[in-house]
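**Q** Provide a 3D model corresponding to the input given below.
(2 chains)
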Amino acid sequence: MKLKELESCLQQVDAFEEPKILLEQYPTSPHIAACMLYTIHNTFDDIEGKLVADLGCGCGVLSIGAAMLDAGLCVGFDIDDDALEIFKRNSEEFELTNIDLIQCDMCSLRSHAYAKKFDTVIMNPPFGTKHNQGMDMQFLRTALTMATTAVYSLHKTSTRGHIQKKANDWGVKMEVIAELRYDLPASYKFHKKKSVRKMLTSL
Amino acid sequence: MKLLTHNMLTSHVKGVTKGYPLLIKATEVKVSEVEFNPNFVSRMIPKLEWSALVQAADGLGHLQDLPAELVTDYEKNEEFLRKVHRVLLEVEVLEGCLQCPESGREFPISRGVPNMLLNEDEA
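**A** Here you go, the predicted structure:
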């Protein structure tokens, strides 16, 4: 599948109907999702035939893309009923059979839950800006216990130094694969910045 | 919820030391066709709790002729891998619940999604 095709398919994925501010819900744009997945698949071969986890999957754009790139199985994890409802609807519309979902709270998992069960983790975690600082790092820590090969995650470019330091503390190799401008359609009234610089990080 | 996913799920209710495997109480099960990838199935087998898989499949009436003990040299055994594929990926629990073997707490499954969220007093 070509990048353009993938992006075009992902444009059909329904997003949040009423995004919840406190959960930092916003969709990963089809363009960013496609670029991210395409790189993970073509450069690193970490999707096809692999067991993939999507943490904080929301409406499922990353999972659906991974499933289309022939992941052995992609399992989406999210806390929110409404998001999972939309994800379900999306995966049914795309008639994908290699997707599964779990409703849980990533931040209150025991440390060994799902440990080393997945080949790859992909995610666009909450930044940790709305009263939940450090949430992106919590997600990252959990993701690292779950994956045997690699974790691919989107983070604000401004946190690069912090993540590098944590990676060193945790004894994992961190690499910035790409930097992207992330355009947030002003979905929340208080949004001032129209775009945020994010980096695709692999650990 | 596929059985590959079920095989990973544990109950973490406060005080529970052995919340695995979760007992499946299904009210609606679906079997669909999923593309067979022998390499994928073969790589998943070492990660599985085999007896929990057999127990789960049996409980759903979908054990068929899956052996109770894992066979040796399964990597090249296509017939065996196909049986495992069916049970891991093609059988899905759509409605029902998962019961913690120690506390009895039930985690609902709705539209194929198991809800593992704990209440404040259980976490």
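**Q** and the residue nearest the centre of chain A, backbone torsions?
**A** Of all residues in chain A, the one closest to the mean position by CA atoms, centre = their mean is A:Met123, 1.9 Å from it. Main-chain torsions, A:Met123, degrees, to the nearest 10: phi -170, psi 160.
**Q** Surely it and A:Ala147 touch.
**A** No. Between A:Met123 and A:Ala147 there is no contact under CB atoms under 8 Å: 10.3 Å. C-beta: built from backbone N, CA, C; applies to glycine.
**Q** Just want the residue of chain A that's nearest chain B.
**A** Per CB to the nearest CB, A:Gly72 is where chain A lies closest to chain B, at 3.6 Å.
**Q** Now do the same contact list for that residue.
**A** By CB atoms under 8 Å, 6 or more residues apart in numbering or on different chains, the residues touching A:Gly72 are A:49-52, A:98, B:37, B:40, B:44.
**Q** Distance check, A:Met1 against B:Gly96.
**A** Distance, A:Met1 to B:Gly96, using CB to CB, to the nearest Å: 35 Å.
**Q** Between those two, which is the more surrounded one?
**A** B:Gly96 (20 against 15; other CB atoms under 10 Å in any protein chain shown).
**Q** Just confirm that one is within a strand.
**A** Yes. Assessed with DSSP: H, G, I helix; E, B strand; the rest coil, B:Gly96 lies in a strand.
**Q** For it, which residues are in contact?
**A** B:24-28, B:108-109.
**Q** rerun that using 6 Å as the cut-off
**A** B:Gly96 sits next to B:25-27, B:109 when contact means CB atoms under 6 Å, 6 or more residues apart in numbering or on different chains.
**Q** Go ahead and report the secondary structure state at the residue nearest to it when sequence neighbours are not counted.
**A** If the residues on either side of it in the chain are set aside, B:Gly96 comes closest to B:Ala26, at 3.8 Å by CB to CB, 6 or more residues apart in numbering or on different chains. The three-state assignment at B:Ala26 reads strand, by three-state DSSP.
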